[in-house]
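> Here's my sequence, what's the structure:
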Amino acid sequence: MNILIATALSAAILSGRRRLIVGAAVVASWTVSPVLGAASVVVAGMYVLAGRWGRREPDDSSEALLADLTVLGLSAGLTFTQAATAAAGSVGGDAASRVLRAIRFRGGNGPADADDPALMVVARRALSTGAPLIPAISGFASTLRSEERARHLTVARRLPVKLLFPLALLILPGFLILTIGPAVLGSLERLGL
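Reported below is the predicted structural model:
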């Protein structure tokens, strides 16, 4: 039974699906101990109530990689359309599909649209002003990377505050019981209670 649960949990982790991982972890913890299972159900419920279940973080890293690969294709002598198509085919994901859709419907040099990806806006702006395309797109990629780094630093700065909740509610009571408990029991024994 434990082998099946361990296999299901590892398959869930390898698939990368959050809901599957949380469900498998709840089932696995329930088989270990009903108390641990109940605690994991409470934690999963808090996770759902916090609104983190379906929320997706913006993926600027794939957009920066797409811009870097486009610059690589441009430096190899490809046109912007060819370089962006090859880069989008290599990267995949939401940003790449939006770039491919914009190239397919409006072409690499067509008129701008309001829902164009940022890479296409940067390229069209550079092409319309006559600015060199490679520095414009590589500057865009470095801007994306610095924004992503700043976002990760913000999350890392909030981490100690988020860790106070489990520390105060889960670790501190056990620590107090282990440190003060023997002294209290010894005092009660000496008092004859």
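> If you count neighbours, what's buried in the host helix or strand of residue 85?
Assigned by DSSP states H and E, residue 85 belongs to helix 80-91. Applying a neighbour-count criterion of 16 or more other CB atoms under 10 Å, the buried positions in helix 80-91 are 80, 82-88, 91. In short, each C-beta sits where N, CA and C put it, glycine included.
> what packs against the top helix by length along the chain?
The single longest helix within the chain, with elements called by DSSP state H, is helix 133-166. Here helix 133-166 is seen to pack against helix 60-75, helix 118-129 when contacts are counted using 3 or more CB pairs under 8 Å, 6 or more residues apart in numbering; DSSP states H and E.
> Give me the angle between the first one and helix 118-129.
Relative orientation of helix 60-75 with respect to helix 118-129: 40 degrees, computed using axes from the mean of the first three to the mean of the last three CA atoms, to 10 degrees.
> Residue 71 against residue 142, yeah?
No: applying CB atoms under 8 Å, one finds residue 71 not in contact with residue 142, separated by 10.5 Å.
> higher neighbour count, these two?
Shown here are residue 71 and residue 142; by other CB atoms under 10 Å, residue 71 has more neighbours (21 against 13).
> sorry, back to before: who are the packing partners of the helix holding residue 85?
Helix 80-91 is packed against helix 60-75, helix 93-106, helix 118-129, with contacts defined by 3+ CB pairs under 8 Å, 6+ apart.
> Give me the domain ranges for the protein.
In terms of domains, the chain is parsed into 1-55, 60-151 (source: automatic domain parsing).
> Show me the least confident stretch of these, going by mean pLDDT.
Averaged per stretch, pLDDT over those is lowest on domain 1-55, reaching a mean of 60.
> Good, wrapping up.
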